[in-house]
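Trainee: Curious how this folds, go ahead:
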Amino acid sequence: MIDTLRAEHTKLRSLGGVRWLLLATAASLVVVGAALAATVDADRCGNGAGCPVDPVKTSLGGVWIAQIAVCVLGVLAVSTEYDTAQIGVTLAAMPRRLAVLVAKAVAVVSLVVGAAAAGTLGALVAGRVVLAGPVRPSLTDALTARAGLGTTLYLALVSVLAVGSAAVLREAASAIVAVLGLLFLFPLLGLVITDPAWQQRLHRYAPMDAGLTVQATRDLDRLAIGPWSGLGVLAAYSLAALGVGAAVFVGRDP
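Mentor: Predicted coordinates:
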């Protein structure tokens, strides 16, 4: 298994565009987060009363863009081998198919976690610089730390979702559309569905809505689902996709 992990990690790093996708992940977290933080009315949010936004979650808002780069990276880790017919060579050298797919997922997650952690820390620092007074994110506050760690784990789970989807669909464009459609469709539905009960269900069970509750640091009692439980919903989607992808990958011809 160690040799398989090493081989998949080497192949992933050699793919064209991987470094740019990782850079885009970290940079979008910092740049977009700083831009969103700059829109927060620090005077209004100084004591929390009447503050319409969560400053920490706003500082981490670049995750909406970062997850697109992560999705593309996860898909390319699998689909590129089908595009180039290299998958036959891979399976000839490493016939344990389940181990190959798991190694691909681990390789992707390891790179994503590094880029996401750097970007998340950068976003919180940028938010602290941009925001003024007591609304500045404290890097040592437990809620801020949970939001930062949760953002990194969120992006890691999105990458697993992408790997599993690519294993099922094989083709890059189809897999990217499927993953991003799953993530963004439910928030769009929330804009047109006015029934409060259905909106509550969307927030509880939609992968992105539920997953990003882990970023919340204010009004936690108003959340449709708890921060870690919400991340667990996304984890269920990701593991289900990887499980289906593994079954398809193991059971069909290259």
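Trainee: okay, now Tyr82: neighbour count?
Mentor: 17 (other CB atoms under 10 Å). Glycine gets a C-beta too; all of them are placed from N, C-alpha and C.
Trainee: How about the secondary structure of it?
Mentor: Judged by DSSP: H, G, I helix; E, B strand; the rest coil, the three-state class of Tyr82 is helix.
Trainee: again, but for Ala175
Mentor: At Ala175 the chain is in helix, as set by three-state DSSP.
Trainee: do Thr140 as well
Mentor: Per three-state DSSP, Thr140 ends up coil.
Trainee: Roughly how far does it sit from Leu124?
Mentor: 11 Å (CB to CB, to the nearest Å).
Trainee: Kindly report the same for Ala24.
Mentor: 19 Å.
Trainee: The two - which one has more neighbours?
Mentor: Counting neighbours by other CB under 10 Å for Ala24 and for Leu124 shows that Leu124 has the greater number, 26 against 20.
Trainee: Correct me if wrong: that one contacts Arg146.
Mentor: No - with contacts counted by CB atoms under 8 Å, Leu124 stays clear of Arg146, the gap being 11.8 Å.
Trainee: Now the element after the helix or strand of the chain with the lowest mean pLDDT, going C-ward?
Mentor: Using mean pLDDT, DSSP states H and E, the weakest-scoring helix or strand in the chain turns out to be helix 86-93, at a mean of 71. Under the assignment DSSP states H and E, the closest C-terminal helix or strand after helix 86-93 is helix 97-130.
Trainee: and that next one, what does it pack onto?
Mentor: With contacts defined as 3 or more CB pairs under 8 Å, 6 or more residues apart in numbering; DSSP states H and E, helix 97-130 has these neighbours: helix 2-14, helix 18-37, helix 55-59, helix 63-83, helix 86-93, helix 142-169, helix 227-251.
Trainee: tell me the mean pLDDT for that helix?
Mentor: What helix 97-130 shows for mean pLDDT is 93.
Trainee: Give me the distance between Ala210 and Gln200.
Mentor: According to CB to CB, Ala210 and Gln200 sit 11 Å apart.
Trainee: Of the two, which one has the most company?
Mentor: Ala210 (27 against 12).
Trainee: Kindly provide the whole-number mean pLDDT of stretch 13-28.
Mentor: 91.
Trainee: Would you indicate which residues of that stretch are buried?
Mentor: Across stretch 13-28, burial judged by 16 or more other CB atoms under 10 Å covers 18, 21-22, 24-28.
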